[in-house]
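Visitor: My questions concern the predicted model and sequence given below.
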Amino acid sequence: MTRAIVREFEFRIREDITERAIAIAIRDKSGLVMPSPLSNFIKSEYTNKGLSLQSQKNAAETIVRMINYLYERIEDGLEEELRHYGLSAITLEHAAQYITDRSYCTRLNKEHPDRLSSNYVLSEIIYINNFFYWLERQKFLKQNYKVQMEKINYIGLENNKISRTVKLNVFDLNDVEILYPKKNSSLISKLKDFGENRESLISDFILTALRVEPGIALGIALEMLGGLRRGEVVNLMQSSIKKRNNIFVVEIRDNQKELFSASNYSSDIQVKNERDQICLCTDLLEYLYAHHLKYLYKINNKKSKGLFISTKTNLPMSGNNFSERFQKVKNEFLEGLLEKQDFETYKTLISKPWSTHIGRGIFTNTLLKLGITPSQLALLRGDKSITSALSYVDEYSMIQAVKTALNEFHIDY
């Protein structure tokens, strides 16, 4: 089995001075150990900055654990693109899945042998965040993603002004689905659901979108009623919407080459898992789909087969552009709550940050309320982690449960 490993070595600075440093290497199936270009991350970000041997080792061991996690997924047949292209095909989503799995370990009982402390996983996140900033500078990966530095000012112990530049969280910047450690987290958790009044709030939010940003109202509905991710929404074609046995179905496919040929693997337009997605509220979605097609005709879009089009460029809408429009809808929606003096809901919805990904949480919690089992839920959400065996066992019961749920869930509009 191919594995990444951490190596400690000694190098000579001058004739009379030597130092020890840390490197990353790859050991292949035959046992041959070869240096990895990822060692340059440790060298440039830790060794050359005078950080201790232990700091270098901690960073290297984190990256090695993540790389080996991906090697195991490749061996399990789950990562064909990584198998084909190698480490250059690593994405933010791969790292987020690793962090999510580590974060689950912080939720285990204290006696569990696999339990991890939240602070330990948080330190891993910092190393991985630095790693992706370095990878972006090196242009090592096929995927493009946003990075951003921010200058912060604070008062030091001697009442002096201090300025520091920090790297913002790359996963939050790119709206990547991720689970953070539960306890003692310095990272701000995000709001994942509208709560018990979600049905009426979904309706109000969609109606607000129709008024403020009609070009994404259908997309928002697909997120909240079908659990689509932002990248999956903007990859939809006008032919992606189907109706089968009176059920609204969205054919989620990776259409980047056809729709976004110039964007080259940007993280905001990627499709995580191709599937045929069943949605709730067929009648509402049919209405919104018909309304959306009229909107496309109105803006005179004839150049693109994409379902979501930017009125500025007349080209398929990017994920980042979708998020910007979503924020406008969100702001107007929150103002509407204040006008209606619905202060309790307003306080709940401003208690934590949220963005387009809340739709997936709303969809999940709606299904749970309707009695969908965890295994059926994984299938309906399009989660990759569900095993093929479970797919065969649960498919029939899932279809029956979904039909019942579809009949029980309604939204007034």
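Guide: Yes, it's here.
Visitor: tell me which element residue 61 falls in.
Guide: helix 53-75 (DSSP states H and E).
Visitor: Output that helix as PDB, restricted to C-alpha atoms.
Guide: C-alpha atoms of helix 53-75 as PDB (Å, rounded to 0.1, in the frame of the first residue of the first chain):
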ATOM      1  CA  LEU A  53      11.300  20.900  15.000                       C
ATOM      2  CA  GLN A  54       8.100  19.900  16.900                       C
ATOM      3  CA  SER A  55       6.000  22.500  15.000                       C
ATOM      4  CA  GLN A  56       7.400  21.200  11.700                       C
ATOM      5  CA  LYS A  57       6.600  17.700  12.800                       C
ATOM      6  CA  ASN A  58       3.000  18.500  14.000                       C
ATOM      7  CA  ALA A  59       2.200  20.100  10.600                       C
ATOM      8  CA  ALA A  60       3.800  17.300   8.600                       C
ATOM      9  CA  GLU A  61       2.000  14.600  10.600                       C
ATOM     10  CA  THR A  62      -1.400  16.300  10.000                       C
ATOM     11  CA  ILE A  63      -0.800  16.500   6.300                       C
ATOM     12  CA  VAL A  64       0.400  12.900   6.200                       C
ATOM     13  CA  ARG A  65      -2.700  11.700   8.000                       C
ATOM     14  CA  MET A  66      -4.900  13.500   5.600                       C
ATOM     15  CA  ILE A  67      -3.000  12.200   2.500                       C
ATOM     16  CA  ASN A  68      -3.100   8.600   3.900                       C
ATOM     17  CA  TYR A  69      -6.900   9.000   4.500                       C
ATOM     18  CA  LEU A  70      -7.200   9.800   0.800                       C
ATOM     19  CA  TYR A  71      -5.000   6.900  -0.200                       C
ATOM     20  CA  GLU A  72      -7.300   4.600   1.800                       C
ATOM     21  CA  ARG A  73     -10.300   6.000   0.000                       C
ATOM     22  CA  ILE A  74      -8.500   5.400  -3.400                       C
ATOM     23  CA  GLU A  75      -7.900   1.800  -2.400                       C
END
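Visitor: And it, what does it pack against?
Guide: Helix 53-75 is packed against strand 3-14, strand 17-27, helix 39-42, helix 80-85, helix 92-105, helix 118-138, with contacts defined by 3 or more C-beta pairs under 8 Å, 6 or more residues apart in numbering; DSSP states H and E. For the C-beta atoms, the positions are set from N, CA and C on the backbone; glycine is no exception.
Visitor: Mind listing what's buried along the last one?
Guide: By that I understand helix 118-138. Judged by neighbour count (16 or more other C-beta atoms under 10 Å), helix 118-138 contains these buried residues: 118, 121-122, 124-125, 127-136.
Visitor: circling back to that earlier point, what distance separates the helix holding residue 61 from the middle of the whole chain?
Guide: Centroid separation for helix 53-75 versus its chain: 21 Å, with C-alpha atoms, centre = their mean, to the nearest Å.
Visitor: Give me the contacts around that helix.
Guide: 1-6, 8, 20-24, 38, 41-42, 45-47, 79, 82-83, 87, 90, 94-95, 98, 101, 123-124, 127-128, 130-131 (C-beta atoms under 8 Å, 6 or more residues apart in numbering).
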